[in-house]
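Student: Pasting a predicted model and its sequence here:
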Amino acid sequence: MALDSRDAGYVERMNGLTDSTARQDSLRNHSARRVLSLLFLGFLLFALLEVLIFRPEVYGRFVEPHSYPGYMEMLISRERSLAPDDSRFRMTIVGDSRIAEGFSEKRAEELEEGRWRFINNAIPGSTPRVWYYILRETDPRRDRSDFVVIPLQDYPDFDAFEDLSDRLLDLRIAIFHLGLSDLPGLMRSFDNWSDRWRVLRTVLLKGGTLKKDLQDLLSDPWRRLHRIEQSHERWARSRYEYPGREGSLEGLQYDPSTGEFVFPASLPDRQRKLLLRSLSEPPQRGVMRRYRRTWLTAIVDYYRNTSTHVVFLRMPRGPVVAPYRRGAGSRGIVFRLAREPNVELLPEHLFDALERPGYFFDSVHMNRTGREKFTEILVRTLEELQASSNSDHSSVNRTATGT
Amino acid sequence: MLFNSWEYWLFFLIVIPLFYSSPLRIGRYVLLAASYFFYMWWNPKFILLILTSTLIDYLCGMALPRLTRNRRLVLVVSLITNLGLLGFFKYYNFFSSSIAEVLGISTDSLFLQIVLPVGISFYTFQSMSYTIDIYRGELEPVRSFVDFALFVAFFPQLVAGPIVRAREFLPQLKGWHSPCGRDVQEGIMLVLLGLVKKMVLADNFARISDAYFGNVGGSPGPWAAWTATLAFAMQIFFDFSGYTDIARGSALLLGFRFPTNFERPYLASSITEFWRRWHISLSTWLRDYLYIPLGGNRKGRLQTYRNLMVTMLLGGLWHGASWNFVAWGGYHGGLLAAHRVIGRRSRSEPVTWFTRALRPGAVLLNFGLVLIGWVFFRARSFEDSWAVLRNLFSLHVVSGSLMGWGLWIALIGSMALAVVEEKWGTFQRLVDAPAAIRVLYYVGILTVLELFSVTDLRIPFVYFQF
């Protein structure tokens, strides 16, 4: 019962064709193998068309700027617009919304009086997996920064309630920059097969993930072009000038011995729930350790044998800190990475003083005051680090004075 | 296992090699097992209903030619079994609550928690037609139980048709031969076309109609009502015709050819023509097993109108256990009767350039009448139906069109394609077109599917609920 083009039924139908040449043509035209080959060819051309359309240089220029992939494109676009011959000492920080809110480029440059260049490449909602791709795309020659700062929630690899390895949003953020060579590692870094299938599909056929954006573009192209023009002009400036959010959790009290909270009256219910949740310990299964081993190692490896130093720091964890996170926990992968020659680990308790309600506007994000303090401490610490680095490694060419 | 799900295509890709790698005598078991597996994916318990219907009709079919007396009794057994299953599972709660309301007693006292088995309306009609055909002497009974069971449960048409007749299916099974390359080509093209109709067109129109009919009071005014009703008209057509295309394509890839179920119904210039083009397998079923046995048009004008009305009322009720469907059926019955009255005069007039010139107007008028009927079909209740009808003919323009320009382009474009297909039969030409054109078809269809399909919502096929 094999598929056969020369069976009885087919010949019967062919009897309708009186012209023998036409019959021969039709037979040649419709052998089952040929039909399937054409389908395969059609699929290949479709995939090729997708690859051509959804390249960063083509569709990346039209993607909605205030979307996750658009945000990444704006970071890359800004990076390309920076003067390539800027010889100032440069620090790049990546991270999620906590760094977007918590670190001020402007304040940092004021502190350094313009001798250093500070770049905040944080994207809200991003994780170390995305940070790797941000660094790879913004620093393709691995020579843009002297310090690449990676913020961590904790040095020990505490598992969180959310398993970061399953975060499909990462694919969306970095979609334009995921290629075939990324597939094996990227697929391995997701834990279940349905997510791995999504990875495969997203990397091979980006249109499925970007179709809403495309439909929105087609529904009003002029509006989109206007938004792109405006956003690219304003975004870098507004990001630089952003002073941080007002408001604080002043008045929040927490008694670790009883676990009781006193909330400020104005605190919304959602924030209260988030604060309560932040104190409970999720089951520790080693998921974060595996995840960090993959992606923090990937970042360190990326800068191996370059003059760029990878610097890990522990973020101010929140206005209150869960008791379980005050202990040492399991030793983190960063301690092992810190043994590498170009990796620095800032003191674990460097920002402990900022873990107070007065420096936060919600359960995880620093407010304006917290942002200033965090920036100051970080800049001063990096100054010291750079000074000691100069004395330890005379091979580092550039200096803080920019000469 | 919806046709637009990965599960279905994985299942299909497993069935294909299993079927083609076995000799036909084994292959039919493979198809039957696959069909039962397909059905049991929803709810394994309901397989008992199909088995019951299959067994009774098989036995009745075997018995009928051997009997000279009590033949009618055997037929009644078959009809009672099928209509009994259908009546209980589909209509019990509807009739019991209607009776309770008339008697003024609590509907809860008669209400039963009954889950409607998917596809029951289709396979019971299909199975019943077999015994009726044998009773009428139009069909020989099939000896093989497996063949008959496969006719009833063949998975591409099991849950939403088309309603295939035994005389169409069984000879194909008996003389089965592997599909030729052209059939494979047509099957693949039909499947892809069906997926576009369902996932791109129907589901995008569904967003509009679902939003409007889910909250009729939310968007007052005629524009919103007309565009939502138009969106539903497009949704139900593309949904059902897309489903049928996938069913026909799947069957073709297995070596079976199903009849067409839709012939561009919205291009019909009269309601009679509409029913010759819409859900053809149901309308011909109703004609052959209900309208004609009632007397058809042979017993005078009044009897003809009555027969049309009864057929359409029951046809409406077949779609769902609700007075709205009865009203929809009654509306169409009324239109058919009215057209018959008018048609008696116009049929005698010769076709001239003038009548041809009037055809677009007649198509538009007929489409408008069909649109109004869809209001009863889609609205959740009579109250909603009246509210939408009031909005349709309201003079107070409150809100604008609910459809964006993308949907308008899809609507006009698909209408234009329908006209082209009507005039030149482009789909069959495409199947026979040079390789480059067919490759372009694949690239185009895959691109449209990838970029415009609705995947964030799971919108079930409309006819699955029937």
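Tutor: Perfect, thanks for sending it.
Student: mind checking the end-to-end distance for stretch A:338-347?
Tutor: Taking C-alpha to C-alpha, to the nearest Å, stretch A:338-347 runs 12 Å from one end to the other.
Student: Now do it, average pLDDT.
Tutor: Computed over stretch A:338-347, the mean pLDDT rounds to 89.
Student: What is the neighbour count of whichever residue of the stretch 201-350 of chain B sits closest to chain A?
Tutor: Nearest residue of the stretch 201-350 of chain B to chain A (C-beta to the nearest C-beta) works out as B:Gly255 at 8.3 Å. Placement of C-beta: from N, CA and C, glycine included. Residues lying near B:Gly255 (other C-beta atoms under 10 Å in any protein chain shown) number 25.
Student: can you pull the contacts of the nearest residue to B:Phe376 once chain neighbours are set aside?
Tutor: Distances taken as C-beta to C-beta, 6 or more residues apart in numbering or on different chains place B:Trp328 nearest to B:Phe376, at 4.1 Å, with adjacent residues excluded. Neighbouring residues of B:Trp328 by C-beta atoms under 8 Å, 6 or more residues apart in numbering or on different chains: B:316, B:319, B:373-374, B:376-377.
Student: Name all residues that make contact with the most centrally placed residue in chain B.
Tutor: When C-alpha atoms, centre = their mean is applied to chain B, the residue found nearest the centroid is B:His279 (4.8 Å). B:His279 is in contact with B:161, B:240, B:261-262, counting by C-beta under 8 Å, 6+ apart.
Student: And the strands in chain A?
Tutor: A:89-93, A:116-120, A:147-152, A:253-255, A:260-262, A:309-314, A:343-345 (DSSP state E).
Student: Dump those to CSV, plus distance to chain B.
Tutor: Listed next are these as CSV, based on distance: least, C-beta to the nearest C-beta, whole Å:
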stretch, distance to chain B
strand A:89-93, 34
strand A:116-120, 32
strand A:147-152, 33
strand A:253-255, 40
strand A:260-262, 38
strand A:309-314, 38
strand A:343-345, 42
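Student: Which pLDDT value goes with whatever residue of the stretch 301-403 of chain A ends up closest to chain B?
Tutor: Residue of the stretch 301-403 of chain A nearest chain B, by C-beta to the nearest C-beta: A:Val364 (28.2 Å). Note for A:Val364: predicted pLDDT of 88.
Student: repeat for B:Ser394
Tutor: Note for B:Ser394: predicted pLDDT of 80.
Student: does it count as helix, strand or coil?
Tutor: Following DSSP: H, G, I helix; E, B strand; the rest coil, we place B:Ser394 in the coil state.
Student: I'd guessed it sits against B:Trp223; true?
Tutor: No. If you go by C-beta atoms under 8 Å, B:Ser394 and B:Trp223 don't touch, sitting 9.8 Å apart.
Student: Show me what the helix or strand where B:Phe37 lies is packed against.
Tutor: Remark: B:Phe37 resides in helix B:24-40, with elements defined by DSSP states H and E. The elements that helix B:24-40 packs onto, with contact taken as 3 or more C-beta pairs under 8 Å, 6 or more residues apart in numbering or on different chains; DSSP states H and E, are helix B:6-20, helix B:47-63, helix B:145-153, helix B:155-158.
Student: Return the mean pLDDT over it, rounded to an integer.
Tutor: 92.
Student: quick one: that helix to helix B:47-63, angle?
Tutor: 140 degrees (axes from the mean of the first three to the mean of the last three C-alpha atoms, to 10 degrees).
Student: So which bits of helix B:24-40 are buried?
Tutor: Neighbour counts over helix B:24-40 (16 or more other C-beta atoms under 10 Å in any protein chain shown) mark B:24, B:27-28, B:30-32, B:34-39 as buried.
Student: hmm, who's touching that helix?
Tutor: Contacts with helix B:24-40, where a contact means C-beta under 8 Å, 6+ apart, come from A:1, B:1, B:11, B:15, B:18-20, B:22, B:46-47, B:50, B:118-119, B:144, B:146-147, B:149-150, B:153-155, B:158-159, B:173, B:176, B:254.
Student: To A:Arg136, which of the strands of chain A lies closest?
Tutor: strand A:147-152 (11.3 Å; C-beta to C-beta).
Student: just for chain B, where's the confidence low?
Tutor: B:107, B:109-112, B:344-351, B:397-401, B:463-466 (pLDDT under 70).
Student: and the longest helix for it?
Tutor: When chain B is scanned for its longest helix (criterion: DSSP state H), the result is helix B:222-253.
Student: Neighbour count for B:Ser394 and B:Trp223, which is higher?
Tutor: B:Trp223 (19 against 14).
Student: Show the contacting residues for B:Ser385.
Tutor: By C-beta under 8 Å, 6+ apart, the contact list for B:Ser385 reads B:324, B:327, B:375-376, B:379.
Student: would JSON lines of those residues with distance to B:Thr352, neighbour count and secondary structure be doable?
Tutor: Formatted as JSON lines, these follow (distance: C-beta to C-beta, whole Å; neighbours: other C-beta atoms under 10 Å in any protein chain shown; DSSP: H, G, I helix; E, B strand; the rest coil):
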{"residue": "B:Asn324", "distance to B:Thr352": "41", "neighbour count": "20", "secondary structure": "helix"}
{"residue": "B:Ala327", "distance to B:Thr352": "38", "neighbour count": "19", "secondary structure": "helix"}
{"residue": "B:Val375", "distance to B:Thr352": "35", "neighbour count": "27", "secondary structure": "helix"}
{"residue": "B:Phe376", "distance to B:Thr352": "36", "neighbour count": "25", "secondary structure": "helix"}
{"residue": "B:Ala379", "distance to B:Thr352": "41", "neighbour count": "24", "secondary structure": "coil"}
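Student: what's the closest of those to B:Glu422?
Tutor: Closest to B:Glu422 out of these is B:Val375 (26.4 Å), distances taken as C-beta to C-beta.
Student: The residue lying closest to the closest one once chain neighbours are set aside: which element?
Tutor: Spatial nearest neighbour of B:Val375, chain neighbours left out: B:Val388 (4.8 Å); criterion: C-beta to C-beta, 6+ apart. Secondary structure assigned from DSSP H and E places B:Val388 in helix B:382-392.
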